[in-house]
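**Q** Pasted the sequence and its predicted model underneath.
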Amino acid sequence: MKKLLSSLLIGCLSLAAPAYAAPADFSWQLGLGLGINHSYNLIPEFDDEQNKKPQLQLLFALEYKNLFMETPGLRAGRLVDDATLGYRLQRNDLHEFSLVLASNHEAFGPTVGAAEGIRTRALEGLNDREDDLLLGFRYQYQATDKQLLSLNWGRDLRTHQGSVASAFYGVRFEKSNWDIYLNSELKWYSASLVDYYYGVTPAESRAGRPVYRADQGWRWHSGVVGVYPLSTRWIFETGVGGNWYSNSFSRSPLTRGNKELVSFGLVRYLF
């Protein structure tokens, strides 16, 4: 599922070393990696889409004055994860308050599945669910370079017109040559979002797939990531994490259980 790896790694870039400063008003970070991941998705048809296949991953952060664009982490099957575009409304050494635009949930359905080589009877008769696009606000508090608190709220402009709110906390500590990141996040989803992606309309209903009208829901995420420097430019990253969903997700005929799991390992070059 979308943001599984992103949630796992969302704090790593913010808690890492400062971005490279070129001109006075412009800064950037860029990393290109090759790795393998294994995931257990809420929707089982997407389990084998990228599992155990070597993939290129790109992580970047660009900043010009108060404008910024960044990838929150990395995601299976994508060279570039969905980027967050933002404008910092207020910023000092401890606090940052920004207007942000980002995608929250990826598209899925029979057309999307066929385009990615996934052909299964479980997707037949479903309407395609499209990517959303959320406009909202983000508040970040970072007392040191080893802790990050982030509060987020956004409303969709494109598909379900629903809302998402989240509270994220990440901490970094050092062990020998390892940087260890512990991340946790609680996220709330409005009923219109959950129903758009996980509800089943009468027209979509089939044997074994009854009509389902979803309510608002929650997700809890926890993960750990280890980063080990191989040289001044090369690093090794590995991690494991999981998402646990409320009943509004797990009761859907499209899902199995209430959890998603992911593990990964990759080698990354830092420019």
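**A** Now that the structure is in, tell me what you want to look at.
**Q** any idea of the mean pLDDT in the longest strand belonging to the chain?
**A** Using DSSP state E to assign secondary structure, the strand with the most residues in the chain is strand 26-40. Strand 26-40 shows a mean pLDDT of 89 in the predicted model.
**Q** Buried residues, it. List them.
**A** Ser27, Gln29, Gly31, Gly33, Gly35, Asn37, His38, Ser39, Tyr40 (16 or more other CB atoms under 10 Å). Any C-beta I mention is one placed from the backbone N, CA and C, and that applies to glycine too.
**Q** Show me what it is packed against.
**A** Packing contacts for strand 26-40, counted by 3 or more CB pairs under 8 Å, 6 or more residues apart in numbering; DSSP states H and E, involve helix 4-15, strand 20-21, strand 55-64, strand 234-245, strand 259-270.
**Q** Next, format the buried residues of strand 26-40 as JSON lines and append distance to Tyr141.
**A** What follows is the buried residues of strand 26-40, written out as JSON lines (distance: CB to CB, whole Å):
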{"residue": "Ser27", "distance to Tyr141": "21"}
{"residue": "Gln29", "distance to Tyr141": "21"}
{"residue": "Gly31", "distance to Tyr141": "25"}
{"residue": "Gly33", "distance to Tyr141": "29"}
{"residue": "Gly35", "distance to Tyr141": "31"}
{"residue": "Asn37", "distance to Tyr141": "30"}
{"residue": "His38", "distance to Tyr141": "34"}
{"residue": "Ser39", "distance to Tyr141": "31"}
{"residue": "Tyr40", "distance to Tyr141": "33"}
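**Q** tell me which of the residues you listed is nearest to Ser163?
**A** Ser39 (26.2 Å; CB to CB).
**Q** Got the phi and psi for the residue in the chain sticking out farthest from the centre?
**A** With CA atoms, centre = their mean as the measure, the chain has its most outlying C-alpha, relative to the mean C-alpha position, at Ala207: 32.7 Å. With angles defined as degrees, to the nearest 10, Ala207 shows backbone torsions of phi -60, psi 130.
**Q** so how far is Pro253 from it?
**A** Note on Ala207: its distance to Pro253, by CB to CB, to the nearest Å, is 11 Å.
**Q** just Ala83 next, same as before
**A** Here Ala83 is placed at a distance of 33 Å from Pro253 (CB to CB).
**Q** One more: Tyr196?
**A** 15 Å.
**Q** go on, Phe264?
**A** Remark: distance between Phe264 and Pro253 (CB to CB) = 29 Å.
**Q** which of these two has more neighbours?
**A** The neighbour comparison of Phe264 against Pro253 (other CB atoms under 10 Å) goes to Phe264, with 24 against 17.
**Q** which residue packs closest to that one, ignoring adjacent ones?
**A** In space, and not counting its chain neighbours, Phe264 is closest to Asn37: 3.6 Å by CB to CB, 6 or more residues apart in numbering.
**Q** Who is Gly239 paired with across the strands?
**A** Beta-bridge pairing for Gly239 (DSSP bridges): Val225, Phe264.
**Q** again, but for Leu182
**A** Val171, Val224.
**Q** which ones are touching it?
**A** If a contact means CB atoms under 8 Å, 6 or more residues apart in numbering, then Leu182 has Gly170, Val171, Arg172, Phe173, Gly223, Val224 as its contacts.
**Q** Which residues are in contact with the second one?
**A** By that I understand Val171. Lys146, Gln147, Leu148, Tyr181, Leu182.
**Q** okay, now the third one: neighbour count?
**A** Taking other CB under 10 Å as the neighbour definition, Leu148 ends up with a count of 22.
**Q** Just the pLDDT for it.
**A** Predicted confidence (pLDDT) for Leu148: 93.
**Q** For it, give its distance to Phe236.
**A** Leu148 sits 22 Å away from Phe236, going by CB to CB.
**Q** Need the winner for burial among the helices and strands packed on strand 26-40.
**A** Comparing those by mean neighbour count (mean count of other CB atoms under 10 Å), helix 4-15 comes out on top with a mean of 24.
**Q** pLDDT of that one, averaged?
**A** Per-residue pLDDT values over helix 4-15 give a mean of 58.
**Q** returning to that earlier point: could you tell me how far the longest strand of the chain lies from the centre of the chain?
**A** On the basis of CA atoms, centre = their mean, to the nearest Å, strand 26-40 sits 13 Å off its chain's mean C-alpha point.
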